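Asks: pasting the structure only:
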């Protein structure tokens, strides 16, 4: 248990610093207000330059968490609190120890690399069942009172931020910010899918016992066996169902090839598996 907790917080910290690095070296120096608390902080800093972007992220996170408690109750896990204020801390740490400046002033490169790095970092954080808080809280409030799903609620909030970016820095910058939001969202989805992708396998074979034993004993995975009947032959047969990781599927395929080369196998990719042997049902 302690090892799993350490692993979760290690990856959360890694993701947080990836987001902070992208902000300090690509986003903030180029005034790309691509959604979220960081985007809002970039806008507010423009109007109140005496307060740093990093300090604005802390202020906004505190305000948003207070609003969240008022409208949503105590629905914030300790990991979300850690990620939200950890990001503000990471921004402050990089700013005050590394004195960062823009790696490039090319806006296309800044949007591309900034959004890819941010999306990868957020994907890692989200994969640990946490979020960086911030405007996610507003999205949850919008979801609660308008019944708009979370994904669309987050997009609506980000569109408001990018609109404010256009008003503040010009509509060309607003379009760059919108491009950032699109690439960032796509990257988050791909990262989460890449972490969680598994193979859903259906096997029709007369060697049900050998195959199921291999799955359960050698691969240490569960297996369900259904009774089936051939549509053409009318013969009784067995259908095995299991969910495996990529490497496990390769091992199973090699085993089936040896014992029943005439087996019929269908494979689908699934992006979230909950239950024993996989992620817990939260």
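Replies: Alright, I've got the coordinates. Since we're looking at a predicted model, the values are computed, not measured.
Asks: residue closest to the middle of this structure?
Replies: Centroid-nearest residue in the chain: residue 123, 3.0 Å away (criterion: CA atoms, centre = their mean).
Asks: Pretty sure it sits against residue 18.
Replies: No. Residue 123 lies out of contact with residue 18 (CB atoms under 8 Å); the separation is 9.5 Å. For glycine as for every other residue, the C-beta is placed from the backbone atoms N, C-alpha and C.
Asks: Surely residue 114 touches residue 27?
Replies: Yes. Taking CB under 8 Å as the definition, residue 114 is a contact partner of residue 27 at 5.0 Å.
Asks: Pull up the overlap in contacts between these two.
Replies: Shared contacts of residue 114 and residue 27, defined by CB atoms under 8 Å, 6 or more residues apart in numbering, comprise 34, 180.
Asks: Now do the buried residues in stretch 44-57.
Replies: By neighbour count on 16 or more other CB atoms under 10 Å, the buried set for stretch 44-57 is 44-45, 52-57.
Asks: Also stretch 143-156?
Replies: Applying a neighbour-count criterion of 16+ other CB under 10 Å, one finds 143, 153-155 buried in stretch 143-156.
Asks: what's the answer for stretch 183-193, then?
Replies: Burial within stretch 183-193, assessed by neighbour count using 16+ other CB under 10 Å, is assigned to 183-185, 187-188, 191-192.
Asks: which one in these is the model shakiest on?
Replies: Of all the buried residues of stretch 183-193, residue 192 has the smallest pLDDT value, namely 75.
Asks: Isn't that one up against residue 127?
Replies: Yes. Here residue 192 reaches residue 127: they are 5.6 Å apart, a contact under CB under 8 Å.
Asks: Low-confidence bits of the stretch 151-282 of the chain, can you list those?
Replies: Applying pLDDT under 70 to the stretch 151-282 of the chain flags the ranges 151, 196, 276-282.
Asks: Which SSE is immediately downstream of the longest helix anywhere in the chain?
Replies: Looking across the chain with DSSP state H, the single longest helix is helix 171-196. Where DSSP states H and E defines the elements, the next helix or strand beyond helix 171-196 is strand 198-204.
Asks: need the longest strand for this protein.
Replies: Identified as the longest strand of the chain according to DSSP state E is strand 236-244.
Asks: That strand: which residues count as buried?
Replies: Buried residues in strand 236-244, counting neighbours by 16+ other CB under 10 Å, are found at 238-240, 242-244.
Asks: Could you report the separation of residue 87 from residue 40?
Replies: Shown here: residue 87 relative to residue 40, a distance of 13 Å by CB to CB, to the nearest Å.
Asks: In terms of neighbours, single out the busier of these two.
Replies: Relative neighbour count places residue 87 above the other of residue 87 and residue 40, with 30 against 23, counting by other CB atoms under 10 Å.
Asks: who touches that one in this structure?
Replies: Residues near residue 87 by CB under 8 Å, 6+ apart: 16, 19-20, 57, 132.
Asks: Next, count neighbours for residue 97.
Replies: Other residues close to residue 97 by other CB under 10 Å number 8.
Asks: returning to what we had before: now what about the longest strand of the chain, what contacts it?
Replies: Contact partners of strand 236-244, identified using CB under 8 Å, 6+ apart, comprise 198-206, 208, 211-212, 215, 219, 221-230, 252, 270, 273, 278.
Asks: Generate a ChimeraX selection restricted to the buried subset of those residues.
Replies: Buried residues among these (16+ other CB under 10 Å), as a ChimeraX selection:
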select :198,199,201,203,204,205,208,211,212,215,219,221,222,223,252
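Asks: For the stretch 1-150 of the chain, which segments count as helices?
Replies: Remark: helices assigned in the stretch 1-150 of the chain by DSSP state H, counting those that start in this stretch are 2-22, 36-47, 53-72, 78-98, 107-127, 135-146, 150-169.
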